[in-house]
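**Student:** Any chance you could fold what I've pasted below:
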Amino acid sequence: MLVVCVCVQSKYEALKEEYATYSRVLQETEDALQRVNVERTQLTNELNEVAREIELQYREKVLLSLVIVS
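**Tutor:** Numbers count the residues shown, from 1 in each chain. Next up, the predicted model:
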């Protein structure tokens, strides 16, 4: 009976350690995902700003061309 209890206890400890490992890995993965999402948002905002600037410059170019042709 004592052997069974020791076996069950060691199995419980092994599973507990495995669970802790997976929990830590999950937390690290979620943290990394959060960092990447923040970076993606920043880069998307930067890209949108550049696109707006290009659009404004293009409109200025078109207006200037119309003025020159007129």
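**Student:** Check the gap between residue 35 and residue 29 for me.
**Tutor:** Distance, residue 35 to residue 29, using CB to CB, to the nearest Å: 11 Å. C-betas here are computed from N, CA, C, even on glycine.
**Student:** actually residue 69, not the one I wrote
**Tutor:** 59 Å.
**Student:** Which one's more surrounded, the two?
**Tutor:** Legend: neighbour count by other CB atoms under 10 Å for residue 69 and residue 29, higher for residue 29 (10 against 6).
**Student:** Tell me which helix or strand that one sits in.
**Tutor:** Element membership of residue 29 [criterion: DSSP states H and E] is helix 2-69.
**Student:** roughly how far is that helix from the heart of the chain?
**Tutor:** Distance of helix 2-69 from its chain centroid, counting by CA atoms, centre = their mean, to the nearest Å, is 0 Å.
**Student:** could you give the mean pLDDT of that helix?
**Tutor:** Averaging pLDDT along helix 2-69 yields 94.
**Student:** Which neighbouring elements make contact with that helix?
**Tutor:** With contacts defined as 3 or more CB pairs under 8 Å, 6 or more residues apart in numbering; DSSP states H and E, helix 2-69 has no helix or strand neighbours.
**Student:** Report the separation between residue 42 and residue 24.
**Tutor:** 27 Å.
**Student:** Ok, residue 5 next?
**Tutor:** Residue 5 sits 29 Å away from residue 24, going by CB to CB.
**Student:** Likewise for residue 14?
**Tutor:** Taking CB to CB, one finds residue 14 at 16 Å from residue 24.
**Student:** Also residue 55?
**Tutor:** From residue 55 across to residue 24, the span is 47 Å (CB to CB).
**Student:** With residue 11 instead?
**Tutor:** Relative to residue 24, and taking CB to CB, residue 11 is found at 21 Å.
**Student:** before we move on, what about residue 70?
**Tutor:** Residue 70 sits 69 Å away from residue 24, going by CB to CB.
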